[in-house]
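Q: task: produce atomic coordinates for the following.
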Amino acid sequence: QVQLVESGGGLVQAGGSLRLSCAASGSIFSIYSMAWYRQAPGNQREFVARITSGGVTNYADSVKGRFTISRDNAKHTVYLQINSLKPEDTAVYYCNQGTMGIGGRYYPGNSWGQGTQVTVSS
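A: A predicted model of the protein is given here:
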């Protein structure tokens with residue numbers, strides 16, 4: 001079973017940037033799709049971005065143009081570059097390892113890391 005460890009969160013002012021990292025172990029990293037989700041207080045966990053094993057990306061509408069997901073298969077790591085942060089981006093960010101289905105749908109796996117907190121002040 002894959003183990004996922006997120007890092008890179010912090011407290012930033014609106015308009016700032018962060019780079020989140022997620023290190024994976026216990027799986028053949030390169031064959032899986034990876035995704036980022038986030039959960040704000042009182043809200044359900046929501047999809048943010050995903051990247052396939054071939055590097056094809058997809059984003060939630062709320063983050064398009066501001067967030068960039070990437071991966072380094074040699075380092076078994078997926079990244080999320082977050083620019084132009086807004087207070088509504090405040091959440092715990094989680095990564096996930098999953099698979100792709102018909103029509104480009106991402107199917108999350110069962111393993112989740114502890115998450116990394118992103119707090120954006122106005």
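Q: spell out the secondary structure type for the most centrally placed residue in the chain.
A: The centre of the chain sits closest to residue 36, judged by Cα atoms, centre = their mean, with a distance of 2.1 Å. Here residue 36 is recorded as strand under DSSP: H, G, I helix; E, B strand; the rest coil.
Q: I figured it hits residue 48, correct?
A: Yes. Under the criterion of Cβ atoms under 8 Å, residue 36 makes contact with residue 48 at 4.3 Å. Any C-beta I mention is one placed from the backbone N, CA and C, and that applies to glycine too.
Q: what is in contact with the two at once?
A: 67, 80, 93 (Cβ atoms under 8 Å, 6 or more residues apart in numbering).
Q: surely the last one and residue 46 touch.
A: Spelled out, it's residue 93. No. Counting by Cβ under 8 Å, residue 46 is not a contact partner of residue 93; they are 10.6 Å apart.
Q: the residue nearest to residue 111 when sequence neighbours are not counted - how many residues pack around it?
A: Residue nearest to residue 111 in three dimensions, not counting chain neighbours: residue 2, with 4.9 Å by Cβ to Cβ, 6 or more residues apart in numbering. For residue 2, the neighbour count with other Cβ atoms under 10 Å is 19.
Q: give me the pLDDT value at residue 2.
A: On pLDDT, residue 2 comes in at 92.
Q: show residues contacting stretch 49-69.
A: Contacts of stretch 49-69 (Cβ under 8 Å, 6+ apart): 30-36, 46-48, 70-71, 78-85, 88-89, 98, 100, 104, 106.
Q: how about the strands of the protein, start to end?
A: 3-7, 10-13, 18-25, 33-39, 46-51, 57-59, 67-72, 77-82, 91-100, 106-108, 116-121 (DSSP state E).
Q: tell me which other helices or strands the longest one touches.
A: The reference is to strand 91-100. On a contact count with 3 or more Cβ pairs under 8 Å, 6 or more residues apart in numbering; DSSP states H and E, strand 91-100 meets strand 3-7, strand 18-25, strand 33-39, strand 77-82, strand 106-108, strand 116-121.
Q: list the buried residues of the third one.
A: So that's strand 33-39. The neighbour-count check on strand 33-39 (16 or more other Cβ atoms under 10 Å) flags 33, 34, 35, 36, 37, 38 as buried.
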